[in-house]
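Asker: Here's a sequence, model it:
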Amino acid sequence: AVPIAEVSLDQWHPHPTGIPELDRVLGGGLVPGSVTLIGGEPGAGKSSLLTQAVGALAGRGHTCLYISAEESKQQVRMRAERLGALRPKLLVASESDLANVLGHVSEHEPDVLVVDSIQTLSHPDLQSAPGSVGQVRECTARLVSEAKARQLTVMLVGHVTKDGALAGPRVLEHLVDTVLSFSGDRHHALRLLRADKHRFGATDELGLFEMTEAGLVGVPDASALFLTDRQPGTPGSVVVPAIEGHRPLLVEVQALLAQSTLATPRRSAQGIDGGRLGMLTAVLTERVGLPLGRVDIHSLAVGGVKLAEPAADLGIALAMASSLFGSPVAADLAACGEVGLGGELRQISQLKRRMAEAARLGFRHIVVPWLAPDPPPGISAIRAKTVSDAIHLAGLGGAAPRLAG
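Answerer: Reported below is the predicted structural model:
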């Protein structure tokens with residue numbers, strides 16, 4: 001044991017990968033001797049992201065070893081060629097036996113090791129099948145030990161379950177230093193990278209990528225991307241300033257209300273929490289008096305993003321009222337605020353940053369809770385105490401509902 005102030009940090013500085021959005025999430029880059037686990041649904045782009053990362057690192061003089069336990073070397077080469085990652089210092093091997101993988105590490109002594117994926121690796125001393133709890137646990141533990149002994153940076157690809165959680169034993173997440181989640185709707189180009197665990201920095205950053213033919217490209221201005229195809233003047237559309245990590249994002253939420261022919265009307269939510277949609281429907285029915293009992297409600301967060309924070313409540317409620325009355329909100333109006341069961345509007349975090357982002361994108365008015373802070377220059381705050389007040393202040397509710405509840 002030594003005094004804590006005398007512990008050297010010289011070897012624990014992160015090395016940038018050359019991919020700004022990945023470095024943002026990692027707090028500057030990859031730390032030597034660290035083990036990073038990246039999980040995501042099939043087709044999200046995990047292998048593409050890691051291929052680009054090691055290609056960039058190899059281009060900077062780092063020796064990188066890519067172990068492909070699922071694909072052949074030819075398949076990896078084709079992907080690297082497409083992504084512009086063909087580098088002399090990027091080595092590739094197709095192996096599923098852990099002993100052979102460690103043999104490659106001893107022979108080539110790489111700076112960075114990528115294993116794609118950890119569920120297909122097998123320990124020669126265990127009789128269980130690859131992907132089993134014992135195999136995943138022992139293979140990961142051995143790679144972690146190797147990383148610490150050699151100051152080797154290890155990146156593992158992990159499969160996920162149907163619920164989106166990492167497959168395998170929970171101890172897998174405790175063994176590694178960093179757990180990254182790579183998500184995105186395969187039908188949309190946007191991909192989101194988050195850190196669920198990071199021993200070398202914060203976990204509140206968000207990396208945004210766009211999937212293109214040339215690979216993953218960082219998205220510095222996600223708000224502009226989300227609003228590119230927006231059609232102002234359409235009933236049922238409201239822009240919500242959301243916060244993902246430290247980054248404010250302007251997201252368009254849409255609602256479409258139609259007369260139901262079913263005994264139990266539909267409540268469809270895509271990218272929006274279904275429980276909060278049901279709660280908002282009840283609040284609008286009981287506290288505001290909108291006839292929603294016999295109405296199908298379809299709600300959507302455009303662009304494949306998922307809005308889980310309560311700050312989107314007010315925007316969703318206004319979108320539903322706009323569709324019900326057939327009256328659009330103003331094109332330069334945004335809204336954000338949490339809605340309580342009494343119909344009251346409650347404060348939300350980082351409201352100034354949300355308003356500043358809305359002002360930057362050209363919005364001139366924003367509906368906010370009554371006690372919201374003063375807005376930045378360029379945008380005016382429309383303060384409301386209840387969701388009923390917000391509906392009227394947004395210019396909705398002046399006409400009769402077009403649907404019977």
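
Asker: Name the surrounding residues that touch the helix or strand containing residue 242.
Answerer: Taking DSSP states H and E as the criterion, residue 242 maps to strand 237-244. Here strand 237-244 makes contact (Cβ atoms under 8 Å, 6 or more residues apart in numbering) with 192, 206, 227, 230-231, 248-254, 305, 307, 309, 311-312, 314-316, 318-319, 322, 328-329, 333-336, 349-350, 353-355, 357-358, 363, 366. Backbone N, C-alpha and C define where each C-beta goes, glycine included.

Asker: Neighbouring strands - and their directions - for the next helix or strand after that strand?
Answerer: Heading C-terminal from strand 237-244, the first helix or strand you meet, by DSSP H and E, is strand 247-259. Here strand 247-259 is paired, per DSSP bridges, with strand 237-244 (antiparallel), strand 295-301 (antiparallel).

Asker: got the CA coordinates for strand 247-259 in PDB?
Answerer: What follows is strand 247-259, C-alpha atoms only, in PDB (Å, rounded to 0.1, in the frame of the first residue of the first chain):
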ATOM      1  CA  ARG A 247     -26.500  17.500 -25.600                       C
ATOM      2  CA  PRO A 248     -29.700  19.400 -26.300                       C
ATOM      3  CA  LEU A 249     -31.600  17.900 -29.300                       C
ATOM      4  CA  LEU A 250     -34.700  19.300 -31.000                       C
ATOM      5  CA  VAL A 251     -37.000  16.400 -31.700                       C
ATOM      6  CA  GLU A 252     -40.300  16.500 -33.600                       C
ATOM      7  CA  VAL A 253     -43.100  14.600 -31.900                       C
ATOM      8  CA  GLN A 254     -46.300  13.800 -33.800                       C
ATOM      9  CA  ALA A 255     -49.700  12.600 -32.900                       C
ATOM     10  CA  LEU A 256     -52.500  11.400 -35.100                       C
ATOM     11  CA  LEU A 257     -56.000  11.000 -33.700                       C
ATOM     12  CA  ALA A 258     -58.700   9.100 -35.500                       C
ATOM     13  CA  GLN A 259     -62.200   7.900 -34.700                       C
END
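
Asker: for the protein, which spans come out with low pLDDT?
Answerer: Counting by pLDDT under 70, the ranges of the chain that qualify are 162-165, 167-169, 187, 398-399, 405.

Asker: about what we covered before: now the contacts of strand 237-244: which count as buried?
Answerer: 192, 206, 227, 248-254, 305, 307, 309, 311-312, 314-316, 318-319, 322, 328-329, 333-336, 354-355, 357-358, 363, 366 (16 or more other Cβ atoms under 10 Å).

Asker: Narrow these to those in helices?
Answerer: 314-316, 318-319, 322, 354-355, 357-358 (DSSP state H).

Asker: Format those as CSV; extra columns: distance to residue 26.
Answerer: Converted to CSV, those look like this (distance: Cβ to Cβ, whole Å):
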residue, distance to residue 26
314, 34
315, 32
316, 33
318, 38
319, 36
322, 41
354, 26
355, 30
357, 24
358, 29
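
Asker: wait, isn't residue 68 in contact with residue 101?
Answerer: No - using Cβ atoms under 8 Å as the test, residue 68 is too far from residue 101 to be in contact (10.7 Å).

Asker: okay, and the common contacts of these two?
Answerer: Common neighbours of residue 68 and residue 101 (criterion: Cβ under 8 Å, 6+ apart): 93, 95.

Asker: Quick one: residues contacting residue 267.
Answerer: 274, 277-278, 281, 296-297.

Asker: Quick check: beta-bridge partners of it?
Answerer: residue 297.

Asker: ok, now how distant is it from residue 274?
Answerer: Here residue 267 is placed at a distance of 7 Å from residue 274 (Cβ to Cβ, to the nearest Å).

Asker: now swap in residue 73 and tell me
Answerer: Per Cβ to Cβ, residue 73 is found 45 Å from residue 274.

Asker: Look at the closest residue in space to residue 131 that isn't next to it in sequence and give its secondary structure.
Answerer: Closest residue in space to residue 131, ignoring its immediate chain neighbours: residue 119 at 4.4 Å, by Cβ to Cβ, 6 or more residues apart in numbering. Under DSSP: H, G, I helix; E, B strand; the rest coil, the three-state class of residue 119 is helix.

Asker: neighbours around residue 119, how many?
Answerer: Residue 119 sits with 21 neighbouring residues when counted by other Cβ atoms under 10 Å.

Asker: one step back: list only buried entries from the contacts of residue 267.
Answerer: By 16+ other Cβ under 10 Å, the contacts of residue 267 give 277, 281, 296-297 as buried.

Asker: sorry, back to before: now the contacts of residue 267 in TSV, with distance to residue 125?
Answerer: Shown next, in TSV, are those (distance: Cβ to Cβ, whole Å):
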residue	distance to residue 125
274	47
277	51
278	52
281	57
296	58
297	56
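
Asker: quick check, nearest of those residues to residue 15?
Answerer: Of all these, residue 15 sits closest to residue 274, with 42.4 Å by Cβ to Cβ.

Asker: Please state the backbone phi and psi of the closest one?
Answerer: phi -60, psi -30 (degrees, to the nearest 10).

Asker: again, but for the one 5 residues further on
Answerer: Phi and psi for residue 279, reported as degrees, to the nearest 10, are phi -60, psi -40.

Asker: any idea how far the longest helix along the chain is from the chain center?
Answerer: If you go by DSSP H, the chain has its longest helix at helix 133-150. Its chain's C-alpha centre and that of helix 133-150 lie 28 Å apart, by Cα atoms, centre = their mean, to the nearest Å.

Asker: Now tell me what touches that helix from outside.
Answerer: The contact list for helix 133-150 (Cβ under 8 Å, 6+ apart) reads 33-35, 98, 102, 105, 109, 113, 115, 118-119, 121-123, 125-126, 128-129, 152-154, 156, 168-169, 171-172, 175-176.

Asker: Helices - which of these land there?
Answerer: Those of the contacts of helix 133-150 mapping onto helices are 98, 102, 105, 171-172, 175, per DSSP H.

Asker: mind giving me JSON lines with those and columns for distance to residue 18 and neighbour count?
Answerer: As requested, the ones in helices among the contacts of helix 133-150 are arranged in JSON lines below (distance: Cβ to Cβ, whole Å; neighbours: other Cβ atoms under 10 Å):
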{"residue": "98", "distance to residue 18": "29", "neighbour count": "24"}
{"residue": "102", "distance to residue 18": "27", "neighbour count": "15"}
{"residue": "105", "distance to residue 18": "23", "neighbour count": "19"}
{"residue": "171", "distance to residue 18": "32", "neighbour count": "12"}
{"residue": "172", "distance to residue 18": "28", "neighbour count": "23"}
{"residue": "175", "distance to residue 18": "27", "neighbour count": "17"}
